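Participant: generate a structure from the sequence data that follows.
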Amino acid sequence: MTDRFLDKAYGVTGPEETQALYDAWAKSYEDEVAENGYATPGRCAEALFSVMPEPHAPVLDFGCGTGLSGLALRMAGFEVIDGMDISAEMLARAQEKSIYRSTQAIAPGHADLCTPGDYAAITAIGVIGAGAAPITVFDDIMNCLGRGGYFAFSFNDHAVADPVNEGKLNEYLDTGAAQLLVREYGPHLPGIGLKSYVYVIRKS
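Facilitator: Below you'll find the predicted structure:
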C-alpha cells in the first residue's frame, strides 16, 4: 500500500517537520498529486512565459520538489532551469528527469539563495503557505532578483486565508517595489476541491 501524505501536508509546522514530511513523501508524491489533478505548475509556468517569452533566460525553480514545476517550465518554453529544495529525497527524484541545469539542496531557513541578477526569473510554485515555506521566503526571493526580474508564484486557498501572505505581496506593490503582471484564480488540486491564485510580479 502506498503511503499517502496530502491529508497531512497542510497541518505540519516548522521547517524541520516540513522537511521530514517531504522526504517521506518523495516516492509517492507525484502519483498522489496527479490523482488529484495538480494544475498549478502548468498555470504558473504558462503565466510566466506569457510575460517573459525568453526560452534561454535562466530561471530558478525554488522549492522544485520532484521536478513537476521544472517540467511545467520546460513545457512552457524555458530551457535553462535550476532547481532548489530543502528535501534531498525530492531533489533526487527531480534529478532523474534531466530537466535541470543544476540542483541544490538548501537548509531550512537559508536566506542567501543566489546573487541578485543570477536569474531572470524565480518561481515558487505551490511553495508558500500552510505546510510548506513561510512567507519570509518571499523577501528572500525578491532579494535574489535584480531590477526587472520576474517572480512567479502561487497561493492556494489555505495561503490566501492567512492575510499575512497577500499582505506581504501588497507591501511590494503598494510601495512600487514591484509591479503586478498576472493574478489569476483557478484549479490547484481539483480532486480535493482546492484552488489557487497564480501571480507574476516584476521587481522595480
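Participant: alpha carbons only for contacts and neighbour counts from here, please
Facilitator: Will do.
Participant: where do the strands sit along the protein?
Facilitator: 59-62, 81-85, 102-105, 121-124, 150-156, 178-189, 194-203 (DSSP state E).
Participant: and of those strands, who's closest to Gly37?
Facilitator: strand 178-189 (5.4 Å; C-alpha to C-alpha).
Participant: quick check: Gly191 vs Tyr29, distance?
Facilitator: The gap separating Gly191 from Tyr29 is 15 Å, by C-alpha to C-alpha, to the nearest Å.
Participant: so for those two, which sits in the more crowded spot?
Facilitator: Neighbour count, other C-alpha atoms under 10 Å: between Gly191 and Tyr29, Tyr29 has more, with 19 against 13.
Participant: and that one, how far from Leu68?
Facilitator: 10 Å.
Participant: quick one: Leu173 and Leu181 touch, right?
Facilitator: No: Leu173 is beyond contact range of Leu181, at 10.7 Å (criterion: C-alpha atoms under 8 Å).
Participant: any weak-confidence spans in the protein?
Facilitator: For the chain, the stretches with pLDDT under 70 are 1-18, 20-26, 109-111, 131.
Participant: go again with 80.
Facilitator: 1-26, 28-31, 33, 108-112, 130-132 (pLDDT under 80).
Participant: now the helices for it?
Facilitator: Under the criterion DSSP state H, the chain contains helices at 6-9, 15-25, 29-35, 40-51, 68-76, 88-95, 136-144, 157-161, 163-174.
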